[in-house]
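1. Kindly generate the corresponding structure for this input.
(2 chains)
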There are 2 protein chains.
Amino acid sequence: MADLDHAAQRPTQRPLANGQTRIDFQTAPARYRHWRLAIDGDIATLFLDVDEKGSLFEGYELKLNSYDLGVDIELADAIERLRFEHPQVRAVVLRSGKPRVFCAGANIRMLAGATHAHKVNFCKFTNETRNGIEDLSEHSGLKSICAINGTAAGGGYELALATDYIMLVDDGAAAVSLPELPLLAVLPGTGGLTRVSDKRKVRRDHADVFCTTEEGVKGKRAVEWRLVDAVVPGSKFDETVAARAKEFAETSPRNGAGQGITLAPLSRSFTADGVEYGAVAVDLQRAERIATVTLRGPTAPPPASAEAMLALGSNFWPLQVARELDDAILHIRINELDVAAIVFKSSGDPTQVLAYEQFLDANQDHWLAREIRHLWKRVLKRIDLTSRSLVTLIEPGSCFAGTLAELPLASDRSYMLIGTRDGDNKPPATITLSGVNFGPYPMPNGITRLGCRFLADPVALDQAKAERGKPLNAENAQSLGLITFALDDIDWDDEVRVFLEERASFSPDALTGLEANLRFAGPETMESKIFARLTAWQNWIFQRPNAIGDEGALKRYGTGQKPVFDTRRV
Amino acid sequence: MADLDHAAQRPTQRPLANGQTRIDFQTAPARYRHWRLAIDGDIATLFLDVDEKGSLFEGYELKLNSYDLGVDIELADAIERLRFEHPQVRAVVLRSGKPRVFCAGANIRMLAGATHAHKVNFCKFTNETRNGIEDLSEHSGLKSICAINGTAAGGGYELALATDYIMLVDDGAAAVSLPELPLLAVLPGTGGLTRVSDKRKVRRDHADVFCTTEEGVKGKRAVEWRLVDAVVPGSKFDETVAARAKEFAETSPRNGAGQGITLAPLSRSFTADGVEYGAVAVDLQRAERIATVTLRGPTAPPPASAEAMLALGSNFWPLQVARELDDAILHIRINELDVAAIVFKSSGDPTQVLAYEQFLDANQDHWLAREIRHLWKRVLKRIDLTSRSLVTLIEPGSCFAGTLAELPLASDRSYMLIGTRDGDNKPPATITLSGVNFGPYPMPNGITRLGCRFLADPVALDQAKAERGKPLNAENAQSLGLITFALDDIDWDDEVRVFLEERASFSPDALTGLEANLRFAGPETMESKIFARLTAWQNWIFQRPNAIGDEGALKRYGTGQKPVFDTRRV
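-> As a prediction, this is how the structure comes out:
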């Protein structure tokens, strides 16, 4: 089993292509190598035309519009651009830029050579991107269509599943398929199984046949089995897609008015021990396996009007912090695997933070204010799904108010300092709740963090609600059940240090499983089922020799040798 | 990685104790070595007093009331006896037969030396037993109390969590704990995390502290954090437990009247290729990795009265089939690991089967009729949770009616033969639905199999409902969406053979994950979360070197050496 430690767990990750030293989640349309975003009035088209040579890592080519994380980073970016830069767009069509092939799914050679950690992170991010496409439709009214002109296999079909309407060309060859199980001995884990069962509501025996049939399903049966919404003859494909997109745009509730803003490149500088953004800083204590993420409150009052907010664009403080925080979390997730705990801190004036909340509340019908709140919702969900211990330290001079107060609520534990520190003139720590903590930011399981926290005690939820707008000191926050521990200055350093040391001493895997369970009390949704039922089974399979062993299906794919399976059913 | 195949996946299972060659799920109170069932009027007490030398496998001792599967088989049996043999019992107290220790949980040396398959099967069965305790309370009104007189650690506390009311002695030492993560780098996987978050609704940060604190929580804090319902001084413990049990019995809705029946030992004979029961047969085709389970319809009409049903006791056909089927499924699960697919068949007269359904409907207020339906509900859930491909072959001469019609609905696929077979005078195959298919048998996710099947199409559900009581031939069953494929005699053999061969060729693990996803469309419940979110993460952890490697925590526990962890968070 010592071999298992070293062979299975500590393989060298493939080198990144082009001498890159870290995976960067920032891009922009001008730099896309795989997607092309075209806008025509209120209809956008996203063309997938993968550059075979544009892989994220060395060692494989992205043939047949197959993808790796690099391709999905561009897709995620394009979706954000549609939200913020193109508010006039009401429908988006996803289609292939290549003839007779839509998308062959996740690149198999990439997967076969990836570390377990990369497989897990890759699936998590692609799942978040697809959930974002659904959120865009459900909450921003931007409807999506997938126009499949050829093979949509595995992750290719899973991408289609994230859209509102799937059109398949009827040419006798084009098909949708989920061949992961028969070909690779893994699951369609990018939401595929869950969307087949829970979104498309495909009958379970049909789903069983579909997911075990390598070549997939095409034509009339694909419609009858609810796998696609329409099959269209090749000669009429383009016009039918265009007509449908026009219909979707016409019925979209998206306001569609106004000028977009530009999502400017993030201001970032990477150092040996962290990342410095404008309003966010990441400090790595590598020996202690801690990443401290500090959020800085606004340095100026909110703008005077919605027009002034538009003029600020991506420099508008709530948008800036959300984008920087999102990038910081993604960076830690994929580039800093040894970080055991993320410690959230903040600095600034809580009344200023609340002034921004009031500004956003006052402009809640403005498309940009809404999109900023939706972005925060998604960033907070990403935090919920981050497999690191999450801790918030609420100290003098901090500004955990409104949206920022979601961070202690999203944390596995929070510590709050009572009063002031000896020899320090910063004001005592407070937490201030606002309306935003009671609705706009549901977790993946569909309920708010406070609702989840007080599942046993609706009265406590009401009591917290009654305190909206009031700065709560440590004693009050504790008696309301908003924090885990209130400590005075004398105990603070030791208690926090011992806790973080202890956390770093535990098994990383067991913590991942523990946190994935304890964070999500209460209901499940399709979204949360993807990260629980589907992802957890997929991660198990990703550890099993039948998939990843030398004789396993992932390793043997394309070698001409059949996989050899341990036949025991578990 | 070849080492991984052999070292991790194909270790020799420990020998069973006492020269046993298979694990037997049948027992009876007179043979218990670990539990003692005492009945006093309407209150039962189950004393846990584990025989250290009574382990199921060789190689470990069951110290401190720790348990293995053998201990849990007795508990499951005792719960069934309370249901059927003691209908007058309205409350049950679980307590320890040893001083100052309640239960140390699953035996660690047993776990450390168990195969992956055994760990998974052990957790699944113990989870089913605990769900059964909750079902007994919720649906049969038999309330449960756990009286904890000392340490309740890990699985010991998880057992308490399955009861309605947890009482902890307040002696300065007694505590409840879930030390799995800090001690063993695994999860409290026998429902522990899910019941803490979703049943006890412990606040998530309290749960985080609790589950990472080896020594657990005691006294007042245990009540404040909702971990127990009451702490009681040692001097008053017995009288308080007795008083509480009396209260529970008084408020129990269990009818409490009438004489129980005796659950007679199953009539079974094991051969090299199967098991022959009275109304169930298991035929193993080991080369093809198929187990065919045939259910035989009743050979006599239902009894004339409830009294006559009582007189038949466990020979009453619906009860007999349920018990035999349950034993058959458990036997295949744990003793026949190489079986890829379970094929359900039946033989008999469907009108006779329906006559029994009508009898049970007519006597639905009789405790025994109700308990039989509840037993079928649990057996069918066990089938849903069985990680083998499930197939029903509906052939001439079969009797898939009423309750038995749940088997094709519980299957991943069903095949139905159109008309008769050449040279065979058996009547053409039919399926007949009855009221029992539309409510009494929810799946673990809380909805019926037909409701889950027709999630997309409530009209189809209504159409099926309208056909209750009518024998449906293959064409009708297909047009109603009740079966997967209708085949005529010419195609039958080849189609079924090719399908079963294909199934046996796929990765067993990937099939487990696929089926665990596709079978459970729609809502999740606490019960289904235990088998999805919790179990799937636990199974992943059970594959990870941080737990099971030579330097992992499970292997190093008790050696004096600290585990060495791969520190990467995934």
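2. So, low pLDDT: which residues of chain A?
-> Within chain A, the ranges that satisfy pLDDT under 70 run A:1-12, A:256.
3. residue furthest from the geometric center of it?
-> A:Gly423 (41.7 Å; C-alpha atoms, centre = their mean).
4. Just confirm it is within a strand.
-> No - applying DSSP: H, G, I helix; E, B strand; the rest coil, one finds A:Gly423 to be coil, outside a strand.
5. So which residue is dead centre in chain A?
-> A:Glu128 (3.3 Å).
6. I'd say that one and A:Arg382 touch.
-> Yes - contact status for A:Glu128 versus A:Arg382: in contact at 6.2 Å, counting by C-beta atoms under 8 Å. To be clear about C-beta, it is placed using only N, CA and C from the backbone, and glycine gets the same treatment.
7. before we move on, back to that, who's in contact with the residue farthest from the centre of chain A?
-> Contacts for A:Gly423 (C-beta atoms under 8 Å, 6 or more residues apart in numbering or on different chains) come out as none.
8. State the distance from it to A:Asp489.
-> A:Gly423 is 10 Å from A:Asp489, where distance means C-beta to C-beta, to the nearest Å.
9. so which strand or helix has A:Met416?
-> A:Met416 is located in strand A:413-418, with elements delineated by DSSP states H and E.
10. do A:Pro408 as well
-> Assigning secondary structure by DSSP H and E places A:Pro408 in helix A:406-410.
11. Distance from that helix to the middle of the chain?
-> Put simply, helix A:406-410 sits 17 Å off its chain's centre (C-alpha atoms, centre = their mean, to the nearest Å).
12. Go ahead and name everything in contact with it.
-> For helix A:406-410, contacts defined as C-beta under 8 Å, 6+ apart pick out A:295, A:344, A:346, A:376, A:380, A:383-384, A:390, A:392, A:394, A:400, A:414, A:431, A:436-437, A:441, A:449-450, A:453, A:482-483.
13. Can you read off the backbone torsions of A:Gln364?
-> Note on A:Gln364: backbone dihedrals following degrees, to the nearest 10 are phi -70, psi -10.
14. how many other residues sit next to it?
-> By other C-beta atoms under 10 Å in any protein chain shown, 11 other residues sit near A:Gln364.
15. So for the residue of the stretch 351-500 of chain A at minimum distance from chain B, what's the nearest residue that isn't a sequence neighbour?
-> The nearest approach of the stretch 351-500 of chain A to chain B comes at A:Ala456, 3.3 Å away (C-beta to the nearest C-beta). Nearest non-adjacent residue to A:Ala456, counting by C-beta to C-beta, 6 or more residues apart in numbering or on different chains: B:Lys201, 3.3 Å away.
16. One more: A:Trp225?
-> A:His206 (4.6 Å).
17. Could you look up the SS state of that neighbour?
-> Assigned by three-state DSSP, the conformation of A:His206 is helix.
18. Just the buried positions in stretch A:352-360, please.
-> The neighbour-count check on stretch A:352-360 (16 or more other C-beta atoms under 10 Å in any protein chain shown) flags A:Gln352, A:Val353, A:Leu354, A:Ala355, A:Tyr356, A:Glu357, A:Phe359, A:Leu360 as buried.
19. the helices in the stretch 401-550 of chain A, which residues?
-> Under the criterion DSSP state H, counting those that start in this stretch, the stretch 401-550 of chain A contains helices at A:406-410, A:449-453, A:458-466, A:474-479, A:489-505, A:508-518, A:526-529, A:535-541, A:545-548.
20. and the last one, anywhere near chain B?
-> Yes - using C-beta under 8 Å from any C-beta of the partner chain, a contact is recorded between helix A:545-548 and chain B, made by A:Pro545, A:Asn546, A:Ala547, A:Ile548.
21. Repeat that for the longest one.
-> Yes - in terms of C-beta under 8 Å from any C-beta, part of helix A:489-505 sits within range of chain B, namely A:Glu502, A:Arg503, A:Ala504.
22. for the residue of the stretch 51-200 of chain A found nearest chain B, what are its contacts?
-> Distance from chain B to each residue of the stretch 51-200 of chain A (C-beta to the nearest C-beta) is smallest for A:Ala185, at 3.4 Å. By C-beta under 8 Å, 6+ apart, the contact list for A:Ala185 reads A:Ile541, A:Asn546, A:Ala547, A:Gly552, A:Ala553, A:Leu554, A:Pro563, A:Phe565, B:Phe506, B:Ser507, B:Asp509, B:Ala510.
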